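Visitor: Please work out how this folds:
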Amino acid sequence: MSLRSQVGNVRRRILCSFHQRLVPLGAYGPVITFSFDDFPRTALTVGAAILESFGARATYYVTMSLMNTRNDLGEQFRHEDLASVLDRGHELASHTFSHLSARQVSYDVFKQDVEKGEQAIRQKTEGAGSRNFAYPYGDVTLAAKKKLGPGLMSCRGTCSGLNGPNVDLNLLRANCLYGDLDRADAAKRLILQNDEQGRWLIFYSHDVAAKPSAFGCTPRLLETICSFAAARGARFMTVAQVMKELGQQCDPRLNGKLQRGEHTASDAEYLLSSGLL
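Guide: Numbering: from 1, shown residues only. Prediction:
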């Protein structure tokens with residue numbers, strides 16, 4: 001393993017270990033959630049139909065500044081797609097307004113962009129919006145996790161693994177679903193592990209196309225994974241549905257406050273902020 005990979009692993013362990021906001025999963029697992037980031041149109045026009053054929057719904061973490069644009073993920077969502085997501089029983093969640101990295105701007109700038117993204121969703125959907133959030137690029141800082149997390153229903157990253165037996169609402173673990181059928185075995189192993197341990201498994205992807213981007217998946221991979229999970233009697237739920245089962249309600253007054261665990265993060269904060277990790 002390269003030094004860079006080792007440093008990355010240490011960073012992820014620190015971020016996952018400090019400033020946690022834990023709730024017990026209890027007997028609600030095993031559960032599987034599918035999510036799409038940014039919101040390329042194919043995640044709806046192709047991906048949603050596949051999920052719905054198995055009785056599943058997805059959480060769409062939308063970056064509102066990308067509406068009616070095109071990038072290397074393909075055509076992004078249109079205004080009317082927001083209503084379609086909701087009408088079909090899926091969830092709209094926030095992914096900032098400008099797709100900012102929390103590691104590239106100050107916390108205050110990042111928080112403003114998160115709030116701007118949520119406001120834009122509400123404006124375009126007549127008040128809809130779940131108060132669930134995902135960090136663009138999976139970039140998280142200790143400051144953002146500490147200050148931003150408690151003011152939202154949940155915050156999802158890209159640290160792999162399963163959620164539970166205690167779920168950290170300030171940094172939900174999630175696993176990429178990228179590529180074609182050659183990636184199916186890895187996803188199936190996660191599903192089997194999730195079944196055995198009774199946890200909450202979150203998948204994330206971007207576009208869904210026959211020739212996807214490096215951050216998307218093919219329709220046959222998505223269908224294969226859905227079929228495998230459904231055959232095992234999986235419970236498919238959006239993030240919002242899991243939050244409801246866990247009895248979570250968001251109180252914006254909590255923003256900036258922290259339900260602390262046993263750890264003290266001062267040393268870790270210094271290492272991360274100084275660039276040593």
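
Visitor: And the closest residue to residue 223 other than its chain neighbours, how far from residue 209?
Guide: Among residues not flanking residue 223 along the chain, residue 50 sits closest, at 5.1 Å (Cβ to Cβ, 6 or more residues apart in numbering). Yep, even glycine has a C-beta here, placed from its N, CA and C like the rest. According to Cβ to Cβ, to the nearest Å, residue 50 and residue 209 sit 12 Å apart.

Visitor: Could you do residue 199 as well?
Guide: Note on residue 199: its distance to residue 209, by Cβ to Cβ, is 30 Å.

Visitor: same question, residue 85
Guide: 18 Å.

Visitor: go on, residue 49?
Guide: Going from residue 49 to residue 209 by Cβ to Cβ gives 13 Å.

Visitor: Looking at residue 85 and residue 209, which is more packed in?
Guide: A direct count of neighbours by other Cβ atoms under 10 Å for residue 85 and residue 209 places residue 85 higher, at 24 against 20.

Visitor: Low-confidence bits of the stretch 1-150 of the chain, can you list those?
Guide: Residues of the stretch 1-150 of the chain that meet the criterion pLDDT under 70 lie in 1-7.

Visitor: What segments of the protein are helices?
Guide: In the chain, helices defined by DSSP state H lie at 3-17, 42, 49-53, 79-87, 107-124, 142-147, 184-197, 219-231, 239-245, 266-273, listed in chain order.

Visitor: Quick one: the ones you listed as a markdown table, columns for distance to residue 26 too.
Guide: Formatted as a markdown table, the helices of the chain follow (distance: least, Cβ to Cβ, whole Å):
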| stretch | distance to residue 26 |
| --- | --- |
| helix 3-17 | 21 |
| helix 42 | 36 |
| helix 49-53 | 26 |
| helix 79-87 | 29 |
| helix 107-124 | 29 |
| helix 142-147 | 24 |
| helix 184-197 | 13 |
| helix 219-231 | 21 |
| helix 239-245 | 9 |
| helix 266-273 | 29 |
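
Visitor: Which one of the ones you listed lies nearest to residue 34?
Guide: helix 49-53 (5.9 Å; Cβ to Cβ).

Visitor: Check which helices and strands that closest one is in contact with.
Guide: Under the contact criterion of 3 or more Cβ pairs under 8 Å, 6 or more residues apart in numbering; DSSP states H and E, helix 49-53 touches helix 219-231.

Visitor: quick one: buried residues of the helix it packs on?
Guide: Going by neighbour count (16 or more other Cβ atoms under 10 Å), the buried part of helix 219-231 is 219, 221-226, 229.

Visitor: Nearest to residue 163 among these?
Guide: residue 229 (15.9 Å).

Visitor: tell me the contacts of the closest residue to residue 137 other than its chain neighbours?
Guide: Among residues not flanking residue 137 along the chain, residue 101 sits closest, at 5.2 Å (Cβ to Cβ, 6+ apart). Applying Cβ atoms under 8 Å, 6 or more residues apart in numbering, one finds that residue 101 lies in contact with 136-137, 139.

Visitor: how near is residue 101 to residue 32?
Guide: For residue 101, the distance to residue 32 - Cβ to Cβ - is 28 Å.

Visitor: Kindly report the same for residue 194.
Guide: From residue 194 over to residue 32 (counting by Cβ to Cβ), the distance is 7 Å.

Visitor: What's the local residue count around the closest residue in space to residue 237 that isn't next to it in sequence?
Guide: Take residue 237 and drop its neighbours on the chain: the residue closest to it by Cβ to Cβ, 6+ apart is residue 31, 5.2 Å away. Using other Cβ under 10 Å, residue 31 has 21 neighbouring residues.

Visitor: Perfect, I'm done here.
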